[in-house]
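# coordinates for the following, if possible.
(chains A and B, ligands or ions: 1)
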Amino acid sequence: MVKHGFMLCLLLAITVWAQSNVNPDISLIGTTGISTNFTKNDPDKGKLVFTDPEVEMLVEGYLNPFAKAAAVISYEDGSFGVEELYAHVVNGLPLDMQIKAGKFLVGFGKLNTVHPHAWPFLQRPLFHQIYFSPDGFNDIGANFSFILPFESFYSGIDIGVFRGDALTHSISAEDTYEAAKQRRGNNPIGVARWNGFFTLSDESNFELGVSIAGGLLDKQAVSVTGDTSLPSVIKALNFCYTGLDFKYKYKPDAYTSLVLQGEAILNNRDVVRSYSDGVNTIQNLDHISTTGAFMSIDYRFDKQFSVGCKYDFTYGLIGDTPGNTTLGNDSKNKTMGYEGWIGYYPVEETLALRLGFQSLQFSVADGPNPDPRNTVQLQMIFSLGPHKAHPF
Amino acid sequence: MKKIVIVLIAILSMANVFAQVKVVTTTTVISDFVREIGKEKVKVDYICRGDQDPHFVEILPTYMLKIRNVDLFIKVGLGLEGWAQQLIDGSRNSKLHVVDLSENISKREVPTTKTDGSQGDVHPFGNPHYWLDPENAKIMVKEISEALIARDPANAAYYEKNTHEYLHRLDAKMKEWQAAMASKRGKKIITFHASWIYFCERYGIVAAGYVEPKPGIAPSPSHNADVINIVKNNGIKLILMENFYSDAAPNQIARLTGAKVYKTATAVGGSPQAPSYIAMMDSIIKAFDGI
Ligand SMILES: [Zn+2]
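Presented below is the predicted three-dimensional model:
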């Protein structure tokens, strides 16, 4: 109730702004769609499912000549939420540094900082879902960004420090999230990314990025020796992600473009494995080193049409409830995804219709593989508000 | 010691003499004017190529780098360069001076009522394609001259002399263009985008229809049929369009009506015929030969 009251005040404030002369830009992005699946033994197989509409309201503007601020309020799964809320100091700081502080999409890789409605494809990369969360890597903190002094090409470094709660979603289910957050305590995580941007010709550009993130992910009671007569100790479970991303765009004219994009992650993290010695359950500390990656190609033609495909791979099982046991088994199980889409954009980004197909295939070390999960989704996205510039 | 200081001061002041004013412009028409006024005393670069649609320029870090160490950023304004502010922010150039050339232009098509998406991609501050009227080019040249003088007052006389010379050349050409267009007054044409109103107003040409049903909206078969009717009913002989748009729809209209499609650069460097603003206007005026 309190939350709804807050939202009402916010909406009211926005309406008042909109009528004054000095006002921020306001955009509203809606996503709605239907889907069906062709998965063996699924009770909904072949049935049309109307997905819940999602709304994103973006309010942004300049606070003063040096800083901007933005808020993204979302309505998803029947509730309002603050998806992003930040201030961004863009100039006037020493070393030409820019600072972004608040809650925002973390720059680990390139794709994570882009809202899903602006992706060429429909489905979030599988490794995001395993290593970040079903909603990506979105955290509270601050990012410091620098341009490196190269004359011939653009190169930048971002260094951020975040609360780290976002990744707690990757190790716990919704109902155990609060408990996991409590266990984690107050332990900020660090994220950094280097990126280089290369203009290859008038028509083509290439961006390369390397990211790293690390810190404390969880705390668990573990047996140090395996001897249950000795008391277990609380150990920190740490993680270190290393990522590589690239994007290549060839745009010979205003009507055609070809985008090749891919990202990969190397995950090193501590996990807990529990087993029974017949009498007691023993928890042991272990370490896993796993990977994940996606690669996509999107071809835009006649300005209004797009077709593309994406290959996805990740360790871990999509659809598994995250928890200690599943995390420990992540190194043994794999999910592969194949996605294809066609898109129709009649007038820029104001309206988009996208038809997508995804097939997920699972490989489980212990036990039979689950049936492949095949889904078809028809999506409609609309965007109300001022015309947006097109980022690379 | 004293000698060293004197030599140092001398070197520094020499460097100052040779220091160029660094300018980045959004379009090549503006950079052509800057070159004419500043000559070797300015270093000028641009963002949007002459054969590119200035409405849609991607936010590339390469462009931010271009703006990073310059003194002046000059734009057309009126919302044409919706991408400019993000480039400026990304450049992190806190000493950058931004000049909007639209300030003293008498603007056309300024919406008097609230605009929304049903009207297409309407320019909310008025039509920004004002550089296609050479009378407006003169206003732009004067603004640029003032901006350069403000940055580099030591060379004020130099800039003023070049400005005067260029305006003189422009005036002479304008007489030529006016003479060539005198017999075309009242003639109706079709244009692709609503980008020719300033040009049409100057030379008394009537834009009887657009290939785009609404600004920024792709041509559609039903709208093509309407345009074909307009062309037939008015005996229109010319479809004038920027060379970065697709000529599929104009060519179809031309095939069915006998009108000619004239694709032209509307920015400097947009075609081999347009190495300068004056040459570009020459090639546009040529479109009206024989109509
Ligand atoms: Zn326009």
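
# okay, CA-based contacts and neighbour counts for the rest of this
Will do.

# all helices of the stretch 1-150 of chain B, in order?
Along the stretch 1-150 of chain B, the segments classed as helices by DSSP state H, counting those that start in this stretch run B:2-18, B:28-38, B:61-68, B:84-91, B:134-151.

# could you do the stretch 51-200 of chain A as well?
Under DSSP H, counting those that start in this stretch, the stretch 51-200 of chain A gives helices at A:126-127, A:165-168, A:177-184.

# for residue A:101, give its distance to chain B.
17 Å (C-alpha to the nearest C-alpha, to the nearest Å).

# now do residue A:98
For residue A:98, the distance to chain B equals 8 Å [C-alpha to the nearest C-alpha].

# residue A:384 and residue A:350 touch, don't they?
Yes - counting by C-alpha atoms under 8 Å, residue A:384 does reach residue A:350; the two are 6.6 Å apart.

# so of the helices of the stretch 1-150 of chain B, which one's packed in deepest?
Compared across these, helix B:28-38 shows the largest average neighbour count, a mean of 24 (mean count of other C-alpha atoms under 10 Å in any protein chain shown).

# name the helix or strand for the closest residue in space to residue A:356 that isn't next to it in sequence, please.
Counting by C-alpha to C-alpha, 6 or more residues apart in numbering or on different chains, residue A:356 lies nearest to residue A:341, which is 4.2 Å off, once chain neighbours are set aside. Taking DSSP states H and E as the criterion, residue A:341 maps to strand A:334-344.

# touching that strand from outside, list them.
Strand A:334-344 has contacts (C-alpha atoms under 8 Å, 6 or more residues apart in numbering or on different chains) with A:121-123, A:126, A:304-318, A:352-364.

# redo the helices of the stretch 1-150 of chain B as JSON lines? Include distance to residue B:100 and mean pLDDT.
As requested, the helices of the stretch 1-150 of chain B are exported to JSON lines (distance: least, C-alpha to C-alpha, whole Å; pLDDT from 0 to 100):
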{"stretch": "helix B:2-18", "distance to residue B:100": "27", "mean pLDDT": "55"}
{"stretch": "helix B:28-38", "distance to residue B:100": "11", "mean pLDDT": "98"}
{"stretch": "helix B:61-68", "distance to residue B:100": "16", "mean pLDDT": "96"}
{"stretch": "helix B:84-91", "distance to residue B:100": "11", "mean pLDDT": "96"}
{"stretch": "helix B:134-151", "distance to residue B:100": "9", "mean pLDDT": "98"}
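
# quick one, domains of chain B?
Domain segmentation of chain B under automatic domain parsing yields B:2-176, B:182-286.

# neighbours of the closest residue to chain A within chain B, just the number please.
Residue nearest to chain A within chain B: residue B:59 (4.6 Å; C-alpha to the nearest C-alpha). Residue neighbour count, defined by other C-alpha atoms under 10 Å in any protein chain shown, stands at 18 for residue B:59.

# tell me what it is bridged to.
Beta-bridge partners for residue B:59, by DSSP bridges, are residue A:391.

# residue in chain A with the shortest distance to chain B?
Closest point on chain A to chain B, by C-alpha to the nearest C-alpha, is residue A:391, at 4.6 Å.

# distance check, that residue against residue B:57.
Distance from residue A:391 to residue B:57, counting by C-alpha to C-alpha, to the nearest Å: 9 Å.

# comparing the two, which residue is more hemmed in?
When neighbours are counted by other C-alpha under 10 Å, residue A:391 and residue B:57 differ, and residue B:57 comes out ahead with 21 against 12.

# model confidence score at the residue nearest to residue A:356, please.
Looking at residue A:341, its pLDDT stands at 98.

# which residues of the stretch 51-200 of chain B lie near chain A?
Within the stretch 51-200 of chain B, the positions near chain A by C-alpha under 8 Å from any C-alpha of the partner chain are B:52-53, B:56-62, B:65, B:82-83, B:89-90, B:92-94.

# circling back to that earlier point, the domains of chain B: lowest mean pLDDT?
Among these, domain B:2-176 carries the lowest mean pLDDT (a mean of 91).

# coming back round to it: and the residue of chain A closest to chain B, what does it touch?
Neighbours of residue A:391 in contact, by C-alpha under 8 Å, 6+ apart: B:58, B:59, B:60.

# if we use 10 Å, what do you get?
Neighbouring residues of residue A:391 by C-alpha atoms under 10 Å, 6 or more residues apart in numbering or on different chains: A:114, B:57, B:58, B:59, B:60, B:61, B:83, B:86.

# could you identify the most distant pair in those?
A:114 and B:57 (18.7 Å; C-alpha to C-alpha).

# hmm, residue A:107 and residue A:142 touching each other?
No - in this structure residue A:142 lies outside contact range of residue A:107 using C-alpha atoms under 10 Å: 11.1 Å.

# okay, and the common contacts of the two?
With C-alpha under 10 Å, 6+ apart, residue A:142 and residue A:107 have common neighbours A:159, A:160.

# from residue A:30, how far off is residue A:118?
12 Å.

# who has more neighbours, those two?
Between residue A:118 and residue A:30, counted using other C-alpha under 10 Å, residue A:30 has the larger neighbour count: 19 against 11.

# so what sits opposite the nearest residue to that one once chain neighbours are set aside in the bridge?
The shortest distance from residue A:30 to any non-neighbouring residue, by C-alpha to C-alpha, 6+ apart, is to residue A:55 (4.5 Å). Beta-bridge partners recorded for residue A:55 (DSSP bridges): residue A:30, residue A:75.
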